[in-house]
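Chemist: give me a model of this one.
(one chain, ligands or ions: 2)
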Amino acid sequence: MRGLLFTVKGGVGRTTTAAATAVQSARRGLKTLVLSTDPAHSLADAFGVELEHEPTEVEPGLYGQQVDTQRAFEDSWREVQHYLREVLESGGVDPLDAEELTVLPGADEVLALLELRAQVESGRWDVVVVDCAPTAETLRLLALPEALSWYMDRVFPRERRLVRTLRPVLSQLAGLPMPPDKVFAAVERLHDELSDVRALLVDPATTSVRLVLTPEAVVVAEARRTLTSLSLYGYRVDGVIANRVIPAGSTDPWMQGWVTAQQRQRDEIATSFGAMPVWDSTYQSQEPVGVDALAALGAQVYADIDPLTINDTADPLSVERVSSDEYVLSVALPHADKRAVDLVRKGDELVLTVGSHRRVLALPSVLRRCLVDGAALRDGALRVRFRPDPDVWMRS
Ligand SMILES: Nc1ncnc2c1ncn2[C@@H]1O[C@H](COP(=O)(O)OP(=O)(O)O)[C@@H](O)[C@H]1O
Ligand SMILES: [Mg+2]
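Modeler: Numbering: from 1, shown residues only. Ligands and ions are numbered 1, 2, ... in the order given. Modelled structure (predicted):
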């Protein structure tokens, strides 16, 4: 099963290019689902058909699905949220820390991810293309599985099942509100399911993210920031689609003006994203609506290239032993601004902030016994140096 996610700013053609890519995939004989997590129901408009909340056949081998985030959501998630807040407030976790570390996600994001998981698990699809919501929502969505893990580790002891029998005692001892059984079960299930989703989304063998942009300064700048944030969260971006490229050759001065302006941005795109393939998608003379128009657009964009090929990307995270007493943890952060990057070690975790995005990284065991010796941002990667902590190594 191959997964492909399309994202960046609203209105640039994410839905259109995701749908066009799915048509290419289906016409190569692969059973393909396009799943839209965008509350703006434009996937149906792009295909020019009605879509259900279940996968709906658009043409043989090609299905579309609009995740319905308005649908009454299982109350369990609200209970879980309520419970987690209560725990934090009652002092089980320093509320300021918790606030700072991670944000409780909303029901929409949870639903979209659970539906994605359900479709992948169903085994029905060779390819699942995800038409994502605009950037901010997508990033919230993609940060969620890890954020919930963070809560799980904080709020629930590791031997979760054991706790069930000890609950009354523990509750008295710790002064913590213990979760009612159904919340307990719901959190456990959600955690497992979202861990599956996360594993799926960061699996280098199957999944990659494509950035969709238009050759406009504001959009390119946002795409650069999106690449940084996606890398921070460990996702692999393996291609860029520059949409609505105005064809050169017109004698009309207004058109020529746009061609020149776009050319500047296309140079910028080549500089910023040149390490990965950049596909041009021409501004069509009308909205590419319907499977045939999308097929024509897709054929133009990809030419003879298989759009499903996963292109090489750097590892988002790696640990290297550079000498007998030095390790380096590298986190890919292309285009990150040094001033926006912040790094704090908290016990066995590294809290990494880039602008308004934060990831809590559980340190690999070898680094837990080390001290942070310094960090530097260079060539699109943050390199954190670790040296063995003499105290810890002596004791062990
Ligand atoms: N290459 C293109 N040429 C002409 N119109 C396009 C092109 N790509 C997208 N559009 C049109 O632009 C509008 C926004 O596209 P859409 O894919 O819905 O954007 P997004 O999903 O990023 O919000 C739609 O009306 C769509 O038909
Ligand atoms: Mg859209």
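
Chemist: give me the three-state assignment for residue 25.
Modeler: With DSSP: H, G, I helix; E, B strand; the rest coil as the basis, residue 25 sits in helix.

Chemist: again, but for the one 4 residues further on
Modeler: Here residue 29 takes the coil state, with states given by three-state DSSP.

Chemist: which residues sit in contact with it?
Modeler: Each residue near residue 29 by Cβ atoms under 8 Å, 6 or more residues apart in numbering is listed here: residue 61. Where you see a C-beta, it was placed from the backbone N, CA and C, and this is true even at glycine.

Chemist: what are the phi and psi values for it?
Modeler: Reported as degrees, to the nearest 10, the phi and psi values for residue 29 are phi 90, psi 10.

Chemist: residue 211: which element?
Modeler: Following DSSP states H and E, one finds residue 211 within strand 207-213.

Chemist: residues making contact with the helix or strand following that strand?
Modeler: Sequence-wise, the next helix or strand downstream of strand 207-213 (DSSP H and E) is helix 217-232. Under the contact criterion Cβ under 8 Å, 6+ apart, helix 217-232 has outside partners 7-9, 12, 135, 139, 142, 209, 211, 213, 237, 240, 265, 268-269, 272-273, 316, 331-336, 352, 354-355, 357, 359.

Chemist: show the average pLDDT along helix 217-232.
Modeler: The average pLDDT within helix 217-232 is 93.

Chemist: so is that helix next to ligand 1?
Modeler: No: judged by Cβ under 6 Å from any ligand atom, helix 217-232 makes no contact with ligand 1; its nearest approach is 10.1 Å.

Chemist: just want the angle from that helix to strand 207-213.
Modeler: For helix 217-232 against strand 207-213, the angle by axes from the mean of the first three to the mean of the last three Cα atoms, to 10 degrees is 160 degrees.

Chemist: list the buried residues in helix 217-232.
Modeler: For helix 217-232, a neighbour-count test (16 or more other Cβ atoms under 10 Å) marks 219-232 as buried.

Chemist: let me see the contact set for the residue in the stretch 201-350 of the chain that ligand 2 sits nearest to.
Modeler: Among all residues of the stretch 201-350 of the chain, residue 212 sits closest to ligand 2, at 9.3 Å; criterion: Cβ to the ion. Applying Cβ under 8 Å, 6+ apart, we find residue 212 in contact with 6-8, 12-14, 17-18, 240-241, 243.

Chemist: now the residues you listed in JSON lines, with pLDDT?
Modeler: Listed next are the contacts of residue 212 as JSON lines, based on pLDDT from 0 to 100:
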{"residue": "6", "pLDDT": "83"}
{"residue": "7", "pLDDT": "75"}
{"residue": "8", "pLDDT": "73"}
{"residue": "12", "pLDDT": "93"}
{"residue": "13", "pLDDT": "94"}
{"residue": "14", "pLDDT": "94"}
{"residue": "17", "pLDDT": "96"}
{"residue": "18", "pLDDT": "96"}
{"residue": "240", "pLDDT": "97"}
{"residue": "241", "pLDDT": "97"}
{"residue": "243", "pLDDT": "97"}
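
Chemist: now, these that are in helices?
Modeler: Members of those lying in helices (criterion: DSSP state H): 14, 17-18.

Chemist: by neighbours, which of these wins?
Modeler: Neighbour counts for these (other Cβ atoms under 10 Å) peak at residue 14, which has 32 neighbours.

Chemist: let me see the contact set for that one.
Modeler: 6-8, 38, 131-132, 212.

Chemist: how much space between it and residue 214?
Modeler: Between residue 14 and residue 214 the computed distance is 11 Å (Cβ to Cβ, to the nearest Å).

Chemist: for the nearest residue to residue 198 once chain neighbours are set aside, give me its contacts.
Modeler: Computed as Cβ to Cβ, 6 or more residues apart in numbering, the closest residue to residue 198 that is not its neighbour in sequence is residue 145, at 3.5 Å. By Cβ under 8 Å, 6+ apart, the contact set of residue 145 is 113, 194-195, 197-198, 201.
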